[in-house]
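**Student:** Give me a 3D structure for the following:
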Amino acid sequence: MPVERSNPPGLSHPTGYNHVVKDGSTIYVAGQVARDKDGNTVGVGDGAAQAEQVFRNLQTALGSVGSDLRHLMKLNVFLTHREDMAAYRAVRSKFIPDSALPVSTLILCSGLADPDFRIEIEVIASMP
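**Tutor:** Okay, the predicted model is just below:
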């Protein structure tokens, strides 16, 4: 089965990478940030609003290959502000039920690709 690489139309156009790579039943999603499909940053200064956009982007990415957030295997979260941890967790619980929580790593970092980004999440998922 060939590896599939794609950039779903509901996500902003990436430069130098693909948003989604599907290899058999394993799906890799590039780090998603708070950009809407037109490339505009959502929720500048608002960690909860940015987390909401990131999870919507993850839904779009996974849905484009026939999967969803209930099939996450690994979640890597990068936050630039420690005070956003509670908001991130609250938003995550709206999108991922406790029964489907994957293994997870949360890293506090000094910055992301754009200084307006407060959160970035990359995932590995499986097919239903």
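**Student:** The chain: strands as residue ranges?
**Tutor:** With DSSP state E, the ranges of strands along the chain come out as 4-6, 20-23, 26-32, 72-79, 103-108, 119-126.
**Student:** What's the end-to-end length of stretch 92-112?
**Tutor:** With Cα to Cα, to the nearest Å as the measure, stretch 92-112 spans 20 Å from end to end.
**Student:** Report the buried residues of it.
**Tutor:** Under the neighbour-count criterion of 16 or more other Cβ atoms under 10 Å, stretch 92-112 has 92, 95-96, 102, 112 buried. The C-beta positions use only the backbone N, C-alpha and C, and glycine is treated the same way.
**Student:** could the strands of the chain go into a markdown table alongside distance to residue 51 and mean pLDDT?
**Tutor:** As requested, the strands of the chain are exported to a markdown table (distance: least, Cβ to Cβ, whole Å; pLDDT from 0 to 100):
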| stretch | distance to residue 51 | mean pLDDT |
| --- | --- | --- |
| strand 4-6 | 24 | 97 |
| strand 20-23 | 20 | 98 |
| strand 26-32 | 10 | 98 |
| strand 72-79 | 9 | 98 |
| strand 103-108 | 12 | 98 |
| strand 119-126 | 5 | 98 |
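**Student:** Of those strands, give the one that comes closest to residue 50.
**Tutor:** The closest of those to residue 50 is strand 119-126. By Cβ to Cβ, the value is 5.1 Å.
**Student:** Quickly run through the sheet partners of that closest one, with directions.
**Tutor:** Strand pairing for strand 119-126, using DSSP bridges, gives strand 26-32 (antiparallel), strand 72-79 (antiparallel).
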